[in-house]
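In: Structure, please.
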Amino acid sequence: MIANSIQLPDDGSCAFCAYLNGTRPYTILARDEVTAMLVTREQRGVAHVLVIPVRHVETVLDLSDEEACNVMIAVREAARVIDRAERRPGIAVWQNNGVPAGQSISHVHFHVAGTLPGGRTEWGDVPELPITETEALADKLRAARDDLAVEQR
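Out: This is a model prediction of the structure:
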């Protein structure tokens, strides 16, 4: 692998890997062998999920071709699920690589969020929701995901 210039966060052990291996509680909306969708506790939009590769990958520069394809398909699926569940007039997708870009966890992740009333998403401080609330959001999103799956048959 060729070294890159990205300045990674000094975040110790990976929180996303801890969520995926079950050592830290978090709401996992969906997971397959390559990708996972997490319901973030910091809701910055009307339904805000994170799409990550299951393998620990620090930045978008480090994704394999297979992971890149699967992650983008999962991002599209997350957007479709949010659209179905929340019917927002806009959906934001963003991703940061390196501390100067705003990356705070050194595991590549894509944010997918329905826009807030009045537009945009929240970039400032937001309250951290308890797991019970992110699980309730996940239930709503899973129902929308199930509806979409039925329509695609």
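In: part of a helix, is Val81?
Out: Yes - assignment of Val81 by DSSP: H, G, I helix; E, B strand; the rest coil places it within a helix.
In: my guess is it meets Leu141, correct?
Out: Yes - contact between Val81 and Leu141 holds when scored by CB atoms under 8 Å: they sit 5.3 Å apart. (Each C-beta comes from the backbone N, C-alpha and C, glycine too.)
In: Mind listing the shared neighbours of the two?
Out: Residues within reach of Val81 and of Leu141 at once, by CB atoms under 8 Å, 6 or more residues apart in numbering, are 29, 47, 49.
In: Please name the bridge partners of the residue positioned nearest the centre of the chain.
Out: Nearest to the mean C-alpha position of the chain, by CA atoms, centre = their mean, lies Leu50 at 0.6 Å. Residues found in beta-bridge contact with Leu50 (criterion: DSSP bridges) are Leu38, His111.
In: Could you check which of Val81 and Leu141 is surrounded by more residues?
Out: Applying other CB atoms under 10 Å to Val81 and Leu141 shows that Val81 carries more neighbours, namely 26 against 23.
In: Per-residue pLDDT of that one, please?
Out: For Val81, the pLDDT comes out at 98.
In: got a list of what it touches?
Out: Residues in contact with Val81, defined by CB under 8 Å, 6+ apart, are 29, 47, 49, 141, 144-145, 148.
In: From the residues you listed, pick the one nearest Asn96.
Out: Relative to Asn96, the closest of the contacts of Val81 is Val49; by CB to CB it sits at 15.8 Å.
In: thought the closest one was touching His109?
Out: No - with contact defined as CB under 8 Å, Val49 and His109 do not form a contacting pair (9.9 Å).
In: more neighbours, the two?
Out: When neighbours are counted by other CB under 10 Å, Val49 comes out ahead of the other of Val49 and His109, with 31 against 23.
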